[in-house]
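Visitor: Would you be able to build a 3D model of this:
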Amino acid sequence: MTEPMNKKQISENQTIDSNTKITTTEMHTAGEPLRIIETGFPPVEGENILDKMKYAKRHLDAYRKFLMYEPRGHFDMYGAILVKPNVPSADIGVLFMHNEGFSTMCGHAVIALGRYAVDKGYVKTITCPETQVNIQCPCGLVKTYVSYNNGRSAAVRFHSVPAFIHSRDIQVDVPKFGTITLDVSYGGAFYAILPASHLGLDLHKSKFRELVSAATCITETVKQEEIIHPESPALSFLYGTILTDDMIPEKNGEIKTANICVFADGEVDRSPTGSGVTARIALMLGKGQIKMNEKVSFISSTTQGEFTGCPIEAVNIGDQAAVCVEVAGEAFYCGQSTFIYEKGDALGKGFLLH
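Guide: Just a heads-up that it's a prediction; the model follows:
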């Protein structure tokens, strides 16, 4: 955590001025918000999408704070900046942003953006019962498929970038918890994954803040470990921690499992987390808990929102054995916003309470 609990954090970047006017569309996926920036955001420069992400970090961070922080957002806000893709087959490119900065992949955002791209005309050809939307994310090209229900775009599924287990059954010494066994898996971003019971907690009964605090301790500890992406150094970092239940398949053979994902600077995902579902499927497959093409239902312990995940193809990334995962969910529109900055408003540039 870069800021202690209840500490007020104010952006002092002076690039926001009284001429700033940014319009957005607001969506949510299983309760997790997505603020899609439509107009007014400065041009994001760079030859490729990772260059664009670096540029946004260095030169446009005041705009991230302006849109994600209070009084327009909140500690757990999430946003998407549409950028020009550099992959010919991509319909749109996107940068993801949150309370800490920018991320490489976001499944809940991809689900929402798939529907948004169809509705807003970013896709040249609409087909029924399903339209394919190719979204270039910092982690790579993600193919989404938007279905139709009663004449409107509805459920969305996407095929992940190659997902794989990075470290299995490693032991780390965590302050307050001692030696803990966990896994690190990649689903577009790296996550530490372990049952809450390994920390003496119950995913469904322990206090919310206890779970968040414990997950944050895990993240801070595992970040000290070496994490390497086989192809891109820019992706070689731990994004967060996922605490799971002790999964037991139901009698009818259906597999359901719940989790909470805490990422970035202690931000809590309201959804089951699309990239987290991808990472968990790779882990479950590698541990022999599921088979290829076996579907799993993932439940958010915070909202009870549901995604499904299914390993659909064995692939490789460099010399690393991996799997392509299909993740499915549904996103909804919440509204539209126009944000301005009034001259002299010191707090209007963005602050956080946590």
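Visitor: The stretch 101-250 of the chain: helices as residue ranges?
Guide: Under the criterion DSSP state H, counting those that start in this stretch, the stretch 101-250 of the chain contains helices at 107-119, 208-222.
Visitor: Indicate which one of those is closest to Tyr333.
Guide: Tyr333 lies closest, by C-beta to C-beta, to one member of the helices of the stretch 101-250 of the chain: helix 107-119, at 8.5 Å. C-betas here are computed from N, CA, C, even on glycine.
Visitor: Looking at that closest one now, give me its mean pLDDT.
Guide: The average pLDDT for helix 107-119 rounds to 96.
Visitor: Kindly report the same for stretch 54-74.
Guide: 96.
Visitor: Lys52 belongs to a helix?
Guide: Yes: counting by DSSP: H, G, I helix; E, B strand; the rest coil, Lys52 is found in a helix.
Visitor: Could I get the pLDDT score of the residue nearest to Phe237 when sequence neighbours are not counted?
Guide: For Phe237, ignoring the flanking residues on the chain, the nearest one in space by C-beta to C-beta, 6 or more residues apart in numbering is Ile227 at 6.3 Å. Here the pLDDT value assigned to Ile227 is 96.
Visitor: any idea how far Ile227 is from Tyr186?
Guide: Distance, Ile227 to Tyr186, by C-beta to C-beta, to the nearest Å: 9 Å.
Visitor: Neighbour count for the two, which is higher?
Guide: Tyr186 (30 against 18; other C-beta atoms under 10 Å).
Visitor: which residues touch the spatially most central residue of the chain?
Guide: When C-alpha atoms, centre = their mean is applied to the chain, the residue found nearest the centroid is Cys106 (3.0 Å). By C-beta atoms under 8 Å, 6 or more residues apart in numbering, the contact list for Cys106 reads Tyr78, Ala80, Phe96, Cys137, Gly188, Gly274, Ser275.
Visitor: isn't Leu67 right up against Ile36?
Guide: No: contact criterion C-beta atoms under 8 Å: Leu67 and Ile36 do not qualify, at 10.5 Å.
Visitor: Common neighbours of the two, please.
Guide: In contact with both Leu67 and Ile36: Thr24, Gly79, using C-beta under 8 Å, 6+ apart.
Visitor: I'd like to know how many residues surround Leu174.
Guide: Not quite, residue 174 is Val, not Leu. Neighbour tally, Val174, other C-beta under 10 Å: 18.
Visitor: let me redo that: Gly93
Guide: Neighbours of Gly93 under the rule other C-beta under 10 Å: 22.
Visitor: One more: Gly288?
Guide: What Gly288 shows, counting by other C-beta under 10 Å, is a neighbour count of 7.
Visitor: just to revisit the earlier point, overlap in contacts of Ile227 and Tyr186?
Guide: Common neighbours of Ile227 and Tyr186, using C-beta under 8 Å, 6+ apart, are His166.
Visitor: Could you pull out the strands in the stretch 201-350 of the chain for me?
Guide: Remark: strands assigned in the stretch 201-350 of the chain by DSSP state E, counting those that start in this stretch are 238-244, 255-263, 267-268, 296-300, 306-317, 320-329, 331-340.
Visitor: For the first one, list the C-alpha coordinates in CSV.
Guide: Yep, that's strand 238-244 we're talking about. Output of strand 238-244 as CSV, limited to C-alpha atoms (Å, rounded to 0.1, in the frame of the first residue of the first chain):
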residue,chain,number,x,y,z
LEU,A,238,2.4,-9.3,-9.4
TYR,A,239,-0.9,-7.6,-9.8
GLY,A,240,-2.8,-8.9,-6.8
THR,A,241,-4.0,-11.7,-4.6
ILE,A,242,-7.0,-14.0,-4.9
LEU,A,243,-8.4,-15.6,-1.8
THR,A,244,-10.6,-18.6,-2.6
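Visitor: Just the pLDDT at the spatially closest residue to Tyr239 that is not a sequence neighbour, thanks.
Guide: Once flanking residues are discounted, Tyr239 sits nearest to Ala189: 3.8 Å by C-beta to C-beta, 6+ apart. pLDDT recorded at Ala189 is 96.
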